[in-house]
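Participant: predicted model, plus sequence, below.
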Amino acid sequence: MARFLICSFALVLLYPSGIDMYLVGLPRIAQDLGASEAQLHIAFSVYLAGMATAMLFAGRVADKSGRKPVAIFGAITFILASLLCSQAHNSTHFLIGRFIQGIGAGSCYVVAFAVLRDTLD
């Protein structure tokens with residue numbers, strides 16, 4: 001049971017880490033992409049839109065196919081989207097990467113709470 005709780009805690013932390021690390025690095029990201037900080041503030045909303053989109057579907061998919069595949073999909077999606085963001089050459093590619101990051105984080109977030117509910121009931 002402790003293993004499930006630790007893994008769930010790690011999955012829940014994916015959501016705030018995607019926001020906190022981005023906000024700290026925003027000035028440098030804007031400089032590297034040649035965009036203003038104001039233009040990149042929309043990336044926060046794009047990330048949350050990706051999370052909301054994933055939350056609509058991840059719970060149902062996790063109930064049908066199992067928690068583990070959805071959690072793995074979410075974590076891999078988040079990692080690949082992070083790589084996409086790190087290689088972005090303009091703000092459009094960066095925003096696409098942030099949306100995909102949100103999908104990965106949202107999938108993990110839903111699964112983490114489902115695992116906690118299953119474990120603690």
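Facilitator: Received the coordinates, thanks.
Participant: residue 53 contacts residue 103, doesn't it?
Facilitator: Yes. Counting by CB atoms under 8 Å, a contact exists between residue 53 and residue 103, whose distance comes to 6.3 Å. (C-beta placed from N, C-alpha, C; glycine too.)
Participant: the more surrounded of the two?
Facilitator: Relative neighbour count places residue 103 above the other of residue 53 and residue 103, with 24 against 15, counting by other CB atoms under 10 Å.
Participant: what residues are up against that one?
Facilitator: Contact analysis of residue 103 by CB atoms under 8 Å, 6 or more residues apart in numbering lists 50-51, 53-54, 74, 77, 81.
Participant: from those, keep the buried residues only.
Facilitator: 50-51, 54, 74, 77, 81 (16 or more other CB atoms under 10 Å).
Participant: which one is residue 34 nearest to, not counting chain neighbours?
Facilitator: residue 90 (7.6 Å; CB to CB, 6 or more residues apart in numbering).
Participant: now that neighbour: how far from residue 116?
Facilitator: 39 Å (CB to CB, to the nearest Å).
Participant: more crowded one of the two?
Facilitator: residue 116 (16 against 10).
Participant: distance from the strand or helix carrying that one to the middle of the chain?
Facilitator: Using DSSP states H and E, residue 116 sits within helix 91-120. In terms of CA atoms, centre = their mean, to the nearest Å, the centre of helix 91-120 is found 4 Å from the chain centre.
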